[in-house]
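Here's a sequence, model it:
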Amino acid sequence: MHIGRRLAYLRRKRGFSQEGVAAGVVSRGHYSNLEAGRYRAMNDILISLADKLDVPANYLLQWESSNPVLEHYLIKFQYSLDNYEYKEAESFMETIRKEFPYINSLHQEIHFILLKSLFYIKIKDYPKTKGVIEKLQYLTDEGKMLPECLKYLFYYVTGAWFYVAGAYDKSIEHFRIALEKAHSKDRKARLYYNIALVLYETYERGKAADYGKRALEIFINEHKWIHVIYIYLLLGVIHWDKREFSESEAYLHKALDLVKLYGNDELEGKVYHNLGLVYDSKQDKEKSIKYLILSVDKKLADNCESIIITYGVLAEVLISAGQITRAGEVVRAAREYARSEEDFSMLMAIEAKIHYTRENWAKYEEIMERLITYYRESERWTDVRTLSEEYSEYLGNIFKYKDAFYYSRAALEAYRKLAEKGGA
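As a prediction, the model looks like this:
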């Protein structure tokens with residue numbers, strides 16, 4: 001490690017060219033070598049550069065000096081993140097920001113940036129994550145300039161970032177590098193779980209289940225029960241997706257037993273939601289509705305953002321159960337929690353089904369055409385495929401063959417797009 005990347009980052013942030021920041025201090029060529037790490041700067045040069053860059057002198061002078069108090073906070077911050085204690089994690093993050101507006105140690109600054117990135121990923125604040133990750137990548141030269149002890153965390157965090165960004169190949173690559181750097185069972189289990197998540201998204205359900213079970217075995221042996229709940233949830237979803245409903249139900253009830261023991265509303269709401277899906281697939285509408293309502297109640301208590309998804313599933317199950325009036329009431333209640341175009345489009349799709357059931361054909365056609373156009377523009381090809389096939393069949397049945405042909409072509413386009421992504 002060397003201070004050059006910090007100098008370059010500060011210079012660019014302040015809008016200086018190399019020549020501009022070097023003027024009156026050193027030659028441009030000498031300064032360029034400092035940024036590249038070819039020369040080690042003398043203290044008087046660093047003091048002059050700190051003045052020009054408007055940072056405390058110690059921020060450049062003491063870049064190799066760790067602070068024991070800060071180290072204590074960083075350990076606590078990481079422990080909170082590892083154990084899903086996000087309020088505590090945020091508290092430690094804010095304490096570090098207030099007490100250490102400039103973190104002199106480059107090692108500790110990179111550690112803090114890594115933990116901040118992970119925190120924002122965990123709470124799904126992706127715009128903030130993007131900014132912090134960009135700084136991280138610059139300071140570390142995309143991981144090339146890192147102490148060995150931070151390499152595991154770097155590749156774990158960047159693997160998680162690529163996952164949420166949908167760059168699954170890069171995510172797997174970084175998680176596997178992190179796996180090579182993981183020297184404890186706990187770290188390996190975390191990576192097995194995250195690799196399972198990526199494999200699930202890339203339609204490799206069998207491999208995802210295998211990695212999930214590897215993580216499960218370790219976390220059970222380590223008595224990490226919150227982690228066990230998350231893996232039971234994942235395995236329940238994987239088996240549901242494979243239409244292995246009995247296995248899915250068994251994993252989800254194991255998750256429910258544990259989550260009731262540990263009293264976590266967010267996780268309990270997720271378990272109820274997925275049990276609702278399983279019972280719907282098993283054609284047990286009564287149980288499905290029961291668990292989805294329980295999920296809504298838990299998510300309301302926890303102010304959970306995903307409540308809109310549960311409302312949507314509940315409305316769809318009610319429609320399939322013939323309870324159209326209740327479904328309409330659920331959609332109206334859900335509107336209060338819709339925040340994005342995606343949320344509103346989901347509710348519109350459900351309204352289309354309600355209009356279809358009530359034989360409000362004009363309204364059904366209007367909504368379907370708006371939705372398919374929106375999904376195509378948003379490149380949501382699974383939705384395009386599903387709705388275009390449904391709408392094409394409807395149009396054919398009422399002898400609008402030209403329009404039916406148009407939407408069947410839209411469905412074929414969606415199949416091609418999904419095949420290109422490996423998800424058809």
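
To what extent is residue 285 buried, counted in neighbours?
16 (other C-beta atoms under 10 Å). For every residue, glycine as well, the C-beta is placed using N, CA and C.

Which residue is the nearest non-sequential neighbour of it?
residue 321 (4.2 Å; C-beta to C-beta, 6 or more residues apart in numbering).

where does that neighbour fall, phi/psi-wise?
phi -90, psi 0 (degrees, to the nearest 10).

What is the neighbour count of residue 396?
Count around residue 396 with other C-beta under 10 Å applied: 15.

how far away is it from residue 370?
Separation of residue 396 from residue 370 (C-beta to C-beta, to the nearest Å) stands at 20 Å.

Quick check: the gap between the residue nearest to residue 285 and residue 309.
Residue 321 is 19 Å from residue 309, where distance means C-beta to C-beta.

cool, and residue 23?
Distance check for residue 23 against residue 309: by C-beta to C-beta, it reads 57 Å.

same thing with residue 409?
Applying C-beta to C-beta, the value for residue 409 to residue 309 is 30 Å.

Which one's more surrounded, those two?
residue 309 (17 against 12).

Let me see the contact set for that one.
Counting by C-beta atoms under 8 Å, 6 or more residues apart in numbering, residue 309 makes contact with 273, 346.

got it, and residue 271?
229, 233, 252, 255-256, 259.

Around residue 42, how many other residues sit close by?
Neighbours of residue 42 (other C-beta under 10 Å): 11.

repeat for residue 370
Counted with other C-beta under 10 Å, residue 370 comes out at 13.

any idea how far the residue nearest to it when sequence neighbours are not counted lies from residue 274?
Excluding its sequence neighbours, the residue lying closest to residue 370 (C-beta to C-beta, 6+ apart) is residue 348, at 7.2 Å. Note on residue 348: its distance to residue 274, by C-beta to C-beta, is 24 Å.

Next: residue 176.
According to C-beta to C-beta, residue 176 and residue 274 sit 28 Å apart.

So which of these two has more stuff around it?
Legend: neighbour count by other C-beta under 10 Å for residue 176 and residue 274, higher for residue 274 (25 against 13).

so which helix or strand takes in that one?
helix 265-281 (DSSP states H and E).

With residue 64 instead?
Under the assignment given by DSSP H and E, residue 64 is not contained in any helix or strand.

Tell me the buried residues in stretch 164-177?
168, 170-172, 174-175, 177 (16 or more other C-beta atoms under 10 Å).

before we move on, what about stretch 198-214?
Within stretch 198-214, the residues scored as buried using 16+ other C-beta under 10 Å are 198-200, 202, 204-205, 208-209, 211-212, 214.

And the average pLDDT for it is what?
Average pLDDT, stretch 198-214: 95.

what's the span of that stretch from first residue to last?
The stretch stretch 198-214 measures 15 Å between its terminal residues, going by C-alpha to C-alpha, to the nearest Å.

what does it contact?
Stretch 198-214 has contacts (C-beta under 8 Å, 6+ apart) with 163, 166, 168, 171-172, 175, 189, 192-193, 195-197, 231, 234-235, 237-239, 241-242, 422-423.

tell me how far that stretch is from the chain's mean position?
On the basis of C-alpha atoms, centre = their mean, to the nearest Å, stretch 198-214 sits 17 Å off its chain's mean C-alpha point.

Same check on stretch 117-127?
The chain centre lies 7 Å from the centre of stretch 117-127; the measure is C-alpha atoms, centre = their mean.

Buried by neighbour count: which residues of it qualify?
Neighbour-count burial for stretch 117-127 flags 117-121 (criterion: 16+ other C-beta under 10 Å).

okay, those in TSV with pLDDT, secondary structure and distance to residue 384 next?
Shown next, in TSV, are those (pLDDT from 0 to 100; DSSP: H, G, I helix; E, B strand; the rest coil; distance: C-beta to C-beta, whole Å):
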residue	pLDDT	secondary structure	distance to residue 384
117	97	helix	33
118	97	helix	34
119	97	helix	35
120	96	helix	31
121	96	helix	29
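
What helices and strands are in contact with the helix or strand where residue 112 lies?
Using DSSP H and E, residue 112 falls within helix 106-122. Packed against helix 106-122 by the contact rule (3 or more C-beta pairs under 8 Å, 6 or more residues apart in numbering; DSSP states H and E) you find helix 68-82, helix 86-99, helix 126-139, helix 148-164.

which one of those helices lies closest to residue 291?
Closest to residue 291 of the helices and strands packed on helix 106-122 is helix 86-99 (C-beta to C-beta; 25.7 Å).

Give me the packing partners of that closest one, helices and strands only.
helix 68-82, helix 106-122.

please redo it, this time with the cut-off set to 6 Å
helix 68-82 (3 or more C-beta pairs under 6 Å, 6 or more residues apart in numbering; DSSP states H and E).

before we move on, back to that, put together a markdown table for the buried residues of stretch 164-177, with distance to residue 15 and pLDDT on each row.
Converted to a markdown table, these look like this (distance: C-beta to C-beta, whole Å; pLDDT from 0 to 100):
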| residue | distance to residue 15 | pLDDT |
| --- | --- | --- |
| 168 | 37 | 96 |
| 170 | 31 | 96 |
| 171 | 34 | 97 |
| 172 | 38 | 97 |
| 174 | 32 | 97 |
| 175 | 37 | 97 |
| 177 | 35 | 96 |
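
Okay, helices next: where are they in the stretch 151-300 of the chain?
With DSSP state H, counting those that start in this stretch as the definition, the stretch 151-300 of the chain shows helices at residue ranges 168-181, 185-201, 205-221, 225-241, 245-262, 265-281, 285-302.
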